[in-house]
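**Q** Give me coordinates for this.
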Amino acid sequence: QVQLQESGPGLVKPSQTVSLTCTVSGGSIIAPYYYWTWIRQPPGKGLEWIGYIDEEGKSYYTPSLKSRTTISRDTSKNQFTLQLDSVTPEDTAAYYCARDPRGIGLYDIWGQGTQVTVSS
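**A** Residues are numbered from 1 along each chain as shown. Below is the predicted model:
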């Protein structure tokens, strides 16, 4: 049974970089056809797709965050990571990692989410 677990700092200051890690258990992040995705939900708002990394290690990002976002992976640890630079209070959100089996925005497995608050 595949499980995803996010981890991160929780509280960061404006202009800093936040790094979140998703640890995958029960399955490999290099398995074909899966897209390992980051999604966030700001308070009181809907879900926002941030980007994903595919089985070949190629990353794709939503245009609005592309300049500040890096999604990478550590295959030895079966983890993938979200790095978001120059954060502002508008980046405050619950951040989720999820698995997309076909790259079409339908997620079959989600992590429980981790809260990131940007505040001085």
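**Q** Where does the prediction get shaky in the protein?
**A** Of all residues in the chain, none has pLDDT under 70.
**Q** Just give me the residue right at the centre of it.
**A** Centre of the chain computed as the mean C-alpha position; nearest residue by Cα atoms, centre = their mean is Trp38, 2.7 Å away.
**Q** so that one bridges to which residues?
**A** Beta-bridge partners for Trp38, by DSSP bridges, are Gly51, Cys97.
**Q** Show the residue spans covered by the strands in the protein.
**A** Under the criterion DSSP state E, the chain contains strands at 3-7, 11-12, 18-25, 35-41, 48-53, 59-61, 69-74, 79-84, 93-100, 109-110, 114-118.
**Q** relative to strand 35-41, how tilted is the third one?
**A** Between the axis of strand 18-25 and that of strand 35-41 there is an angle of 130 degrees, by axes from the mean of the first three to the mean of the last three Cα atoms, to 10 degrees.
**Q** For strand 18-25, list the C-alpha coordinates in CSV.
**A** Extracted C-alpha coordinates of strand 18-25, given in CSV (Å, rounded to 0.1, in the frame of the first residue of the first chain):
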residue,chain,number,x,y,z
VAL,A,18,10.7,26.9,2.4
SER,A,19,11.5,23.3,1.6
LEU,A,20,9.0,20.5,2.0
THR,A,21,9.6,16.8,1.6
CYS,A,22,7.3,14.0,0.6
THR,A,23,8.4,10.6,1.7
VAL,A,24,6.9,7.8,-0.3
SER,A,25,6.5,4.3,1.1
